[in-house]
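Participant: let me see the structure of the following:
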Amino acid sequence: MTTVQHPAAVVSARYWHRLDDGRLQCDLCPRFCKLHENQQGLCFVRARQGDEMVLTTYGRSSGFCIDPIEKKPLNHFLPGTPVLSFGTAGCNLACKYCQNWDMSKSREMDTLADSAAPEALARAAKVLDCRSVAYTYNDPVIFLEYAVDVAKECRKLGIKNVAVTAGYICEEPRMEFFENMDAANVDLKAFTEDFYHKVTGSHLQPVLDTLKYIKHETSVWLETTTLLIPGYNDSAQEIDEMTQWVVSELGPDVPMHFTAFHPDWKMQDVPSTPFEKLVQAREIALKNGVRYAYTGNVHDAKGESTYCHQCGAELIGRDWYVLSEWNLTGDGHCKSCGAVCAGVFDGPPGNWGAKRQPVRLSDFAGAAQ
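Facilitator: Next comes the predicted model:
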């Protein structure tokens, strides 16, 4: 626990209770941080002030950017369309290899360089012709109150909501959070408790519970991502067990992304993922019945593209984040054999491509509703 310093926008938090010894326990995630006055949890952004738990980053962001939806990565949710992405600061995991450590590990509120009320953010997404808003860069479960308020405003304007998350959240807040999401990419970081405990400072089972909840208890479109780290979670046996579990517990239509690690944060001495390991993981997934398996963070047109599970035809060709082929009907059927391609398809694909466009929300402060 650390001492709260220079909070940004502060609002009352949900999901906590008082212990007999006077401490307040946060019940948002399975860490169950227990706080004395002026302490904050491991996430850095949920804190005790007086006799209540607060969120210290409401309405503040580390930056806004328009990305291709495929970058989340989501390959079966409104392909080719732009998504307005943002995050805040902090994280409730402690991954030693964090690729966004400058934001997720930040204790400095100065990291939060831009601000937006939920209504303004939704309005900006509409003006910018974004089909969705993504809660990403750091894990959105830790700023649940802000994310949910933004999501509700987005839905009023017909904007979809996308969560990029590690899925480390308790049952009650999980229900509220995903009730307001339309799609999610969940990091399935490994398939051993040992990895989760030693490398991320968390546990595997709550993540598996979240995956099953999303798939079976909600209408949220679900995809998973596994960053393959040489010597840690990339063995053929582990990938075999993971992909068999996905098919058995989630079904064959949940797309899986296997992405390349590069040295970062506290794992600078670990080499980058060999291309062959990504190909091997994808092949194991396909062999075990995963219908849509992808490679990521590398240039691999075959591994990035979508194929019909019934006839093998190329349905969506991809070159990085640019769509090169489109052989689906407007409602997601294969044009060759008529089989359904699982996903959320709404008419023709978008043409946003690989563009990445930073946005300052203050530029849209006066945008008409």
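Participant: what is the burial count for the nearest residue to Asp331 once chain neighbours are set aside?
Facilitator: Leaving aside its chain neighbours, Asp331 sits nearest to Phe345 (6.3 Å; criterion: Cβ to Cβ, 6 or more residues apart in numbering). Placement of C-beta: from N, CA and C, glycine included. Residues near Phe345, counting by other Cβ atoms under 10 Å, number 20.
Participant: pretty sure Phe345 is touching Leu78, no?
Facilitator: Yes: if you go by Cβ atoms under 8 Å, Phe345 and Leu78 touch, sitting 7.4 Å apart.
Participant: can you pull the phi/psi pair for Ser85?
Facilitator: Ser85 has phi and psi values of phi -110, psi 140 when expressed as degrees, to the nearest 10.
Participant: isn't it up against Pro140?
Facilitator: No: Ser85 lies out of contact with Pro140 (Cβ under 8 Å); the separation is 10.9 Å.
Participant: okay, now the unreliable bits of this protein?
Facilitator: 1-8, 100-113, 365-369 (pLDDT under 70).
Participant: can you tell me how far the residue nearest the centre of it is from Val133?
Facilitator: Here the mean C-alpha position of the chain is nearest to the C-alpha of Val164 (Cα atoms, centre = their mean), at a distance of 1.0 Å. Val164 is 11 Å from Val133, where distance means Cβ to Cβ, to the nearest Å.
Participant: ok, Gln25 next?
Facilitator: Counting by Cβ to Cβ, the gap from Gln25 to Val133 is 31 Å.
Participant: quick one, which of those two is more surrounded?
Facilitator: Val133 (25 against 17).
Participant: I figured the more buried one hits Ala120, correct?
Facilitator: No: taking contacts as Cβ under 8 Å, Val133 lies outside contact range of Ala120: 12.0 Å.
Participant: identify the residues contacting Leu35.
Facilitator: Residues near Leu35 by Cβ atoms under 8 Å, 6 or more residues apart in numbering: Met1, Arg23, Leu24, Gln25, Cys26, Gly41, Ala47, Arg48, Met53.
Participant: just the buried residues out of the residues you listed, in ChimeraX syntax.
Facilitator: Command for ChimeraX that selects the buried part of the contacts of Leu35, burial taken from 16 or more other Cβ atoms under 10 Å:
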select :24,25,26,41,47,48,53
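Participant: is it true that Phe177 touches Ile169?
Facilitator: Yes: contact criterion Cβ under 8 Å: Phe177 and Ile169 qualify, at 6.5 Å.
Participant: intersection of neighbour lists for these two?
Facilitator: The contact lists of Phe177 and Ile169 share Val141, where a contact means Cβ under 8 Å, 6+ apart.
Participant: which of those two has more residues huddled nearby?
Facilitator: Higher neighbour count among Phe177 and Ile169: Ile169, with 28 against 23, using other Cβ under 10 Å.
Participant: and for the closest residue in space to the more buried one that isn't next to it in sequence, the neighbour number?
Facilitator: Leaving aside its sequence neighbours, Ile169 sits nearest to Val141 (Cβ to Cβ, 6+ apart; 4.5 Å). Neighbour count for Val141, taken as other Cβ under 10 Å: 25.
Participant: cool, Pro140 as well?
Facilitator: Neighbour number of Pro140 under other Cβ under 10 Å is 27.
Participant: Val162 is in contact with that one, correct?
Facilitator: No: counting by Cβ under 8 Å, Pro140 stays clear of Val162, with 9.5 Å between them.
Participant: surely Cys95 touches Phe195?
Facilitator: No: contact criterion Cβ under 8 Å: Cys95 and Phe195 do not qualify, at 10.3 Å.
Participant: quick one: residues contacting the residue nearest to Ile169.
Facilitator: Leu28, Cys29, Asn92, Ala147, Thr165, Ala166, Gly167, Tyr168, Ile169, Pro173, Phe177.
Participant: give me every residue that touches the second one.
Facilitator: When contacts are counted by Cβ under 8 Å, 6+ apart, Cys29 is found next to Cys43, Asn92, Val141, Ile142, Tyr168, Ile169, Cys170, Pro173, Pro206.
Participant: can I assume Val247 is in contact with Asn288?
Facilitator: Yes: using Cβ under 8 Å, Val247 makes contact with Asn288 at a distance of 5.8 Å.
Participant: next, Glu314: phi, psi?
Facilitator: Torsion angles, degrees, to the nearest 10, at Glu314: phi -70, psi 120.
Participant: same question for Ser132.
Facilitator: phi -150, psi 160.
Participant: for Tyr307, see how far away it is.
Facilitator: Distance, Ser132 to Tyr307, by Cβ to Cβ: 25 Å.
Participant: for Thr136, same thing?
Facilitator: 27 Å.
Participant: how about Ala281?
Facilitator: Applying Cβ to Cβ to Ala281 and Tyr307 gives a distance of 17 Å.
Participant: neighbour count: these two, which is higher?
Facilitator: Ala281 (30 against 20).
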